[in-house]
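Enquirer: Structure of the sequence below:
(one chain, ligands or ions: 2)
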Amino acid sequence: MSSPASVDLKIHHPQNFRFNSIPDSHDWSDLYDHPSAEPIGLDSVPVIDLNDPNLIYKIGKACEESGVFLIRNHGIEPELLNRFGSQIHRLFALPVEVKLKVAKTKGTDAGYGGAPISHLFPKFMWYEGFAIQTGSLFDQAQILWPDDYSSFCAVIEEYKKAIKPLGYRLMHLMLLSLGLTEEEIDNTLIGDSSKIKNAMHLNSYPACPYPDQVVGLAPHTDTGFVAVLYHNGVSGLQVLRCKDDIGPARWVTVPVVPNTLVVNIGDLMHVLSNGTFHNVVHRSTVSKTNQRLSAAYFLGPQLDVKVGPLSELMGPEQGPPLYRPVTWPELQKLKSTLHDKALQSMKIDGKIEELRKGA
Ligand SMILES: O=C(O)CCC(=O)C(=O)O
Ligand SMILES: [Fe+2]
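Expert: Ligands and ions are numbered 1, 2, ... in the order given. Now for the predicted structure:
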């Protein structure tokens, strides 16, 4: 089967669909693996107030047990979030032909296109996205809106400026919760801003008349340290809760709570914490009536920086390191061949060759 990534997005863009049923290329009905569950009781998703006196403890517990949590009192003005949401809406409301003028090209990660993880799956997602890398924005916005590109760029830059320190603060709190001192954190790569890189993906999931047959964004873990997620209030994000005493594996819907942002733990934070923090598997479903919009701000290491378990978390009492160090691109490459077995292949006692053969 040819990979969706190799097929022209123009033909497969949901906006171009004029049919009475979902074509096989977009039909995931057979692939819906687990039932959906409401975020109640033991399946609830933590909501953490960043002014909470027990903040460090609560962040640590949420990172360990859940891998996803909502934050309130995060310091980003609602008014900025509204303007940011309006610009995302404005972008995706452009005609497909216009958006395709800034389509991602081979070898670049910036611009308009399908899901970044599309090459990992045999079906198309009900998705369109716009990836922003440092330096790419201005030129592309000028192509999209020759007469008025500055308002888009200004709002995106303002949002990035506000979200960056929040992302750093969250990572700092995470390391404090693992027992590191301020001084120890200063000596890790999290304490050295020159070693941290960020990227932002704007995501659009158009409404779909048959939402149960399609997938907005297929199940995945984020590869970096953390992702801070804005959305437009349309429900759809789900996280995987594995089989446990409560029941079989299930997709828990992340609740929409006004004035909160969502935080996800990624693979490299799981590695950095020597397996303590849960890199949560998540996906986005699609609404029957409303377009869902979101923006994921990812923080990870600079591309040449290797990430392994923090030395402070290993020793005679805590035990040995679980993973060998990797860079962000190395892990992405491993995921493209080994899928959900990529991290296992980095385990220090992992049977890498066996995994490769079985992939
Ligand atoms: O749209 C969402 O809620 C999730 C987005 C996401 O998981 C991603 O961009 O990696
Ligand atoms: Fe994600």
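
Enquirer: ok, which stretches of the stretch 1-150 of the chain are strands?
Expert: Counting by DSSP state E, counting those that start in this stretch, one finds strands in the stretch 1-150 of the chain at the ranges 36-37, 47-49, 68-72, 111-113, 128-132.

Enquirer: how about TSV for those strands, with mean neighbour count, mean pLDDT and distance to residue 270 added?
Expert: (Each C-beta comes from the backbone N, C-alpha and C, glycine too.) Below are the strands of the stretch 1-150 of the chain laid out as TSV (neighbours: other CB atoms under 10 Å; pLDDT from 0 to 100; distance: least, CB to CB, whole Å):
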stretch	mean neighbour count	mean pLDDT	distance to residue 270
strand 36-37	15	87	23
strand 47-49	17	98	19
strand 68-72	22	98	13
strand 111-113	22	93	27
strand 128-132	22	95	23
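
Enquirer: Tell me which of those sits nearest to ligand 1.
Expert: strand 128-132 (7.6 Å; CB to the nearest ligand atom).

Enquirer: Quick check, the residue in the stretch 101-250 of the chain closest to ligand 1?
Expert: Proximity of the stretch 101-250 of the chain to ligand 1 (CB to the nearest ligand atom) peaks at residue 237, 3.7 Å away.

Enquirer: wait, what's in contact with that residue?
Expert: Taking CB atoms under 8 Å, 6 or more residues apart in numbering as the criterion, residue 237 is in contact with 229, 231, 253, 254, 262, 282, 283, 284, 294.

Enquirer: One more pass at 6 Å, please.
Expert: Counting by CB atoms under 6 Å, 6 or more residues apart in numbering, residue 237 touches 254, 284.

Enquirer: Same check on residue 238?
Expert: By CB under 6 Å, 6+ apart, the contact list for residue 238 reads 251, 253, 283.

Enquirer: Residue 322 is nearest to which of the strands of the stretch 1-150 of the chain?
Expert: Closest to residue 322 of the strands of the stretch 1-150 of the chain is strand 68-72 (CB to CB; 21.6 Å).

Enquirer: Spell out which strands sit alongside that closest one in the sheet and which way each one runs.
Expert: strand 47-49 (parallel), strand 261-265 (antiparallel) (DSSP bridges).

Enquirer: near ligand 1, anything from it?
Expert: No. Using CB under 6 Å from any ligand atom, strand 68-72 stays clear of ligand 1, coming no nearer than 10.1 Å.

Enquirer: Just the CA coordinates for that strand, please, in CSV.
Expert: Extracted in CSV, the C-alpha atoms of strand 68-72 (Å, rounded to 0.1, in the frame of the first residue of the first chain):
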residue,chain,number,x,y,z
VAL,A,68,-1.3,14.4,30.8
PHE,A,69,-2.8,17.2,32.9
LEU,A,70,-4.5,20.6,32.6
ILE,A,71,-3.1,23.8,34.0
ARG,A,72,-5.0,26.8,35.2
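
Enquirer: Quick check, residue 283 in contact with residue 219.
Expert: Yes. Using CB atoms under 6 Å, residue 283 is in contact with residue 219, at 4.4 Å.

Enquirer: nearest spatial neighbour of the most centrally placed residue in the chain, skipping sequence neighbours?
Expert: Central residue of the chain (CA atoms, centre = their mean): residue 222, 4.7 Å from the mean position. Distance criterion CB to CB, 6 or more residues apart in numbering; nearest residue to residue 222, sequence neighbours excluded, is residue 266 at 3.7 Å.

Enquirer: Same check on residue 189?
Expert: Ranked by CB to CB, 6+ apart and with sequence neighbours excluded, the top spatial neighbour of residue 189 is residue 195, at 4.2 Å.

Enquirer: Tell me who's in contact with that neighbour.
Expert: 189, 301, 302, 305.

Enquirer: out of the residues you listed, who has the most neighbours?
Expert: Counting neighbours by other CB atoms under 10 Å, the top entry in the contacts of residue 195 is residue 301, with 22 neighbours.

Enquirer: got the contact list for that one?
Expert: The contact partners of residue 301, by CB under 6 Å, 6+ apart, come to 195, 307, 328.
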